[in-house]
Each structure stands twice: as C-alpha cells, then as structure tokens.
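In: Fold the following, please.
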Amino acid sequence: SVVVTALACAGPWLVRAAGAAPACGFDDECSGQKDEASLLQALGPARNFGASLQEAASISNEALRAESDEVHVTWVTDCHAHNMWQSELLFFTAQRVGQKGPVTQILSGCKPERREYVEKRHASLGLPKRFKVSFVPEFNDKSSHVINKVYGFEAWFRGAGPERDVVAIVDPDFLFLRPMTARLDGAKHVFGWKDSEVPERVEKGFVVAQRWPMVYRSPVPTPWLPSIDEVPKNFTDNATLLTWICSGSPTGKSGCTGATSEEVSIYDSTGVPYMAHRADLDEWLLQSWVDITSRLHTVYHGYYIDMWSWMMAPLHNGRRQLAADNLVLRSPHARAGRIGAAEDWSAVDSVAKSADPCKAPMDELLADPKMPSFIHYCQPGPYWNKYWLGDFGRNGPHVMERCNATAEDEFLSKLLAVEVDTTDRAEAFIPCVTRRMFAAGMRRTCKGQSVAEVLRPMAE
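Out: Residues are numbered from 1 along each chain as shown. All right, here's what the predicted structure looks like:
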C-alpha cells in the first residue's frame, strides 16, 4: 500500500486507469460507500463453492495488487479558516476522481472547541469514511508558520500512522485531476535514471517527488544553499555550515558535503508531492527530515524550509531521489523548453488543441491518462488568486461556509470581476479548471442557497 501528504507551495509517472469515471460528482449527495472497495468484497466470488481454486487465487491476487497500488494521501495544516476551505476542496476533488485508499488532513494546534467544530463539519461533507481528519499538537512558533508541516507529519506518522505502505505528502492548495497510485512509468519522466533502475511501483529504497527548480544546473561546480538569514560566527564557510545542517556536526559525515549544484539540480531539487515507502520514512527519511529542519530553522526562516530540509534528507543519506516532471501542474512557465523546466504539460497541450478549458466538460479535459494527478494553485495570477477569497480569521466561518453570499460580497467580487483569457488555451488551463472546481465545490456545500446560483455559470 501507499501514503501521500501535502506541504509547501510547490502523478509519479504514475500509471492511472484511462478514462476512469468519477466515483462521485461535486453535486452528488455522497455517502462515500459506493467507492469503498474492500478485500472481502473482492474475494466474495471465491466463497461460491462452484468457483475453482484457480479463479479464487486470481481474484485474490488482483485485489491484493489493487490495494498495494493505493497511496495514503496526507497534508498538514493548522486550524485557520483559510486552510480549511482549501482542504475541503481537496477532499471533494479526491472524491470526484475516485481516489482509492486513505486521504488524511493532519491538523496541528486546534483548540478543543475548534476541534469539535471541525470534526462535526467534516462529518457533514458526505465523504468516504477513509477520508479523515487527524489532530496533532501545535508546532509553529513566532519565527515560522510552516514548520508544523514537518513536525505535524512526524507526530501523525508516529501516532495514528499510515494505513498503506506508500506515503504521499501534498499541500492543502492541491486539486486532484486524476487518481494517484504507487505505479511508476519507467525513467521517461525522471532525470538521471535508467529504465532498468526504476521499479514498477514505489518501494523501499526509492523516494519520489515532483521536480522543482530550487537549484539550477551549472556547468561548473558551485555552492548551493538557501538564503541563510545569519551565518553563525563559528562557521567560516558555507560548506561547513551545510555539513552541520545535514549531519549535526561541522565535521560530520554527510552526503551534503561537497555536493555541487549540478548534482543537486538533477536528484534533489524537488517539491511536493512527495512519495516514499513507510519503511524508509520509519528507518531514516523522516528522522533526517525532522533533524535537518530543526537545525536549518536556527539560521533560515523562509517559507520553503520544509522543502529545503526534504531535499537535504536523501542527499545526506547518500540517496538519489526520483525527481519526476509529471506529478503536478503549477505554472505554464515551468513547462519543458523554458528556464527552470520542471513540469510535463504534454497532456494539457494535447487537450487544448480541441477543448476550451473554461467550457469543455471536465471529464473531457481530464481524460488523458498522461495528465498529472494534481494542480497546485499556490501562485497568484490575474484570473485566480486564493487570497481573494478572504481572511475570515482563525475560526471563520471560511469561504465555503458562506452560503448566503452574493456577487457583491468582497470575497467573491474579485473572482467574478475577471474572465479568463482563453486565447492560449494551455496557458488558461490552470485558472479555468481551478475556478470551475472551486465553484463546483461551493455549489456542492451550499446546494439550494444563494451562492450556488451565483457560481453556476463558472462551475458549468
């Protein structure tokens, strides 16, 4: 089995079922039961005395293979209203595409009364029982509002823990486009690996992540580090500082020591989604990620601390990551052929030849099995900006709870005031699909209320 979690703004080359029908549409009243496959159900025909042992074995093996390809998708947030509506939308899109396996929002630092409210709200959303919320302590401090991603995931992993063998980490501002599985598609979407080196699915010893232009390739050996806020006086150079961040000692043994930007850009310049076998997480990856974060946090307080520390964890342990280009869509400016190329947009380019992403049926837009599993809508743009949707304080109610809103309400007026320019349909894909999925999610939670009618044209 497999697990997935969400982190900072940032499928593998996952093989997905082409043209799979959504298990539950946005506007459906979903009990979550109709896509709950269980091994016992799959083995049901084997209990028929007329079934042969060979048929029973075939059914059993098929069911086990299907379950082993599932991932446990997770992400970490605090209880702020801004994170709650994004998480609800992520749950809805997971349900829409028929994502198999557990999906868990890990919530850090919720006060008791807030936790009780969140649990009741989650129970009212009509999600499958395997779509859960899990609570861990507060870890953020005055110097950082993002370290709960690392420490919160660790607390969950050591506590409630994964329900599959493969773990994936995403961010709350993700949207599912297709189901994510543990299946891999050889080396054609990764850098620096041969086909013979890449397993058929995520397994122990192989860490997978989306390629991300954190470090650029250089023709000559050059040092690399995040922008350190203040170099401690007892460190004379960046190389010694990097060795300490990775190993805990200025003279410690670490794969970070001497690593060049060329090497790091190929194997370690990554972001969410992350995927790893839970044995690797348990034995070395998670502890390294936590320890490196703790040391890096003393000298760097930037937004990407969890990404830098994840990059360093496999490097420190002498492991290469499988840096894939086709797990997520973040920006057309990151597509192949441009500076910092990190994303495979071939499926989008193909569908854009015949379909308007703001008008074509959603199933038509997302039918290509080469389509990445996610959109990551972290970057503000002229047609979609998650920050338009209001800061309603820590306890909300958040945007998807404001069902009596009208077109004049400030949090909707900015969204409704712009129409996506679809002259370049590929460039318009992310804002069109994101706006439509948001509108569909609002209409689902606010069925029959004023905002549902306001957003009907955008959702359709």
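In: Only C-alpha atoms from now on, for both contacts and neighbour counts.
Out: Noted.
In: Taking the centroid of the protein, which residue is nearest it?
Out: Geometric centre of the chain, nearest residue: Val170, 2.2 Å, by Cα atoms, centre = their mean.
In: Tell me which stretches of the stretch 251-400 of the chain form helices.
Out: 261-267, 278-280, 286-296, 305-316, 346-352, 362-365 (DSSP state H, counting those that start in this stretch).
In: in the stretch 251-400 of the chain, which segments are predicted with low confidence?
Out: Filtered on pLDDT under 70, the stretch 251-400 of the chain yields the residue ranges 336-341.
In: Over to the nearest residue to Ala440 once chain neighbours are set aside: give its phi and psi.
Out: Distances taken as Cα to Cα, 6 or more residues apart in numbering put Ala459 closest to Ala440, at 5.0 Å, once the chain neighbours are dropped. With angles defined as degrees, to the nearest 10, Ala459 sits at phi -80, psi -30.
In: Offset the numbering so it begins at 21, please.
Out: Happy to do that; since the first residue is 21 now, the last one works out to Ala479.
In: among the helices of the stretch 271-420 of the chain, which is the most enclosed?
Out: Of the helices of the stretch 271-420 of the chain, the one with the most neighbours on average (mean count of other Cα atoms under 10 Å) is helix 325-336, at a mean of 24.
In: quick one: the residue nearest to Ala460 and Met462 touch, right?
Out: No - proximity of Ala479 to Met462 does not meet the contact threshold set by Cα atoms under 8 Å, at 9.1 Å.
In: just to revisit the earlier point, wait, which of the helices of the stretch 271-420 of the chain is closest to Phe431?
Out: helix 382-385 (24.9 Å; Cα to Cα).
In: picking that back up, wait, which of the helices of the stretch 271-420 of the chain is closest to Leu342?
Out: Taking Cα to Cα, helix 281-287 is the member of the helices of the stretch 271-420 of the chain nearest to Leu342, at 6.6 Å.
In: Check which helices and strands that closest one sits against.
Out: On a contact count with 3 or more Cα pairs under 8 Å, 6 or more residues apart in numbering; DSSP states H and E, helix 281-287 meets strand 341-344.
In: Packing partners of the strand it packs on?
Out: The helices and strands touching strand 341-344, judged by 3+ Cα pairs under 8 Å, 6+ apart, are strand 227-231, helix 281-287.
In: who's in contact with that strand?
Out: Strand 341-344 is contacted from outside by 32-33, 209-211, 213, 226-231, 286-290, 334, using Cα atoms under 8 Å, 6 or more residues apart in numbering.
In: Now with 10 Å, please.
Out: By Cα atoms under 10 Å, 6 or more residues apart in numbering, the residues outside strand 341-344 that reach it are 31-34, 204, 207-213, 218, 222, 225-232, 284-291, 293-296, 331, 334-335, 362-364.
In: circling back: and the residue nearest to Ala460, how far is that from Arg464?
Out: Going from Ala479 to Arg464 by Cα to Cα, to the nearest Å gives 10 Å.
In: The two: which has the busier surroundings?
Out: Ala479 (24 against 19; other Cα atoms under 10 Å).
In: so that one makes contact with Cys378?
Out: Yes - with contacts counted by Cα atoms under 10 Å, Ala479 reaches Cys378, the gap being 9.0 Å.
In: Now do the shared contacts for the two.
Out: Each of Cys452, Val453, Thr454, Arg455, Arg456 lies in contact with both Ala479 and Cys378 under the rule Cα under 10 Å, 6+ apart.
In: residues touching the third one, list them.
Out: Taking Cα under 10 Å, 6+ apart as the criterion, Thr454 is in contact with Phe194, Leu195, Cys378, Ile395, His396, Tyr397, Tyr403, Trp404, Asn405, Lys406, Ala460, Ala479.
In: can those residues go into a markdown table with extra columns for distance to Tyr324?
Out: Shown next, in a markdown table, are the contacts of Thr454 (distance: Cα to Cα, whole Å):
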| residue | distance to Tyr324 |
| --- | --- |
| Phe194 | 17 |
| Leu195 | 20 |
| Cys378 | 32 |
| Ile395 | 19 |
| His396 | 15 |
| Tyr397 | 16 |
| Tyr403 | 25 |
| Trp404 | 22 |
| Asn405 | 20 |
| Lys406 | 19 |
| Ala460 | 31 |
| Ala479 | 33 |
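In: Most neighbours out of those residues, which is it?
Out: Counting neighbours by other Cα under 10 Å, Phe194 leads the contacts of Thr454 with 31 neighbours.
In: and that residue, how far is that from Ala425?
Out: Where Ala425 is concerned, Phe194 sits at a distance of 24 Å (Cα to Cα).
In: Same check on Ser366?
Out: In this view, Ser366 and Ala425 are 38 Å apart by Cα to Cα.
In: before we move on, back to that, just to check, the residue nearest to the centre of the chain is in contact with Val170?
Out: No - assessed by Cα under 10 Å, Val190 is found out of contact with Val170, at 12.0 Å.
In: before we move on, back to that, in helices, which of the shared contacts of Ala479 and Cys378 fall?
Out: Taking DSSP state H, the ones among the shared contacts of Ala479 and Cys378 that sit in helices are Cys452, Val453, Thr454, Arg455, Arg456.
In: JSON lines please, covering those and showing pLDDT.
Out: JSON lines is the format used below for those (pLDDT from 0 to 100):
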{"residue": "Cys452", "pLDDT": "97"}
{"residue": "Val453", "pLDDT": "98"}
{"residue": "Thr454", "pLDDT": "97"}
{"residue": "Arg455", "pLDDT": "97"}
{"residue": "Arg456", "pLDDT": "97"}
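In: Drop anything exposed from those.
Out: The neighbour count (16 or more other Cα atoms under 10 Å) marks Cys452, Val453, Thr454, Arg455, Arg456 as buried among these.
In: any chance you could map the strands in the stretch 171-320 of the chain?
Out: Using DSSP state E, counting those that start in this stretch, the strands assigned to the stretch 171-320 of the chain run over residues 186-190, 194-196, 227-231, 290-297.
In: Report how many residues lie close to the closest residue to Val251 other than its chain neighbours.
Out: The shortest distance from Val251 to any non-neighbouring residue, by Cα to Cα, 6+ apart, is to Val319 (6.7 Å). Close neighbours of Val319, defined as other Cα under 10 Å, add up to 17.
In: just checking, Val319 touches Glu250?
Out: Yes - if you go by Cα under 10 Å, Val319 and Glu250 touch, sitting 5.8 Å apart.
In: Distance from the chain centre to stretch 330-342, please.
Out: Relative to its parent chain, stretch 330-342 has a centroid offset of 19 Å by Cα atoms, centre = their mean, to the nearest Å.
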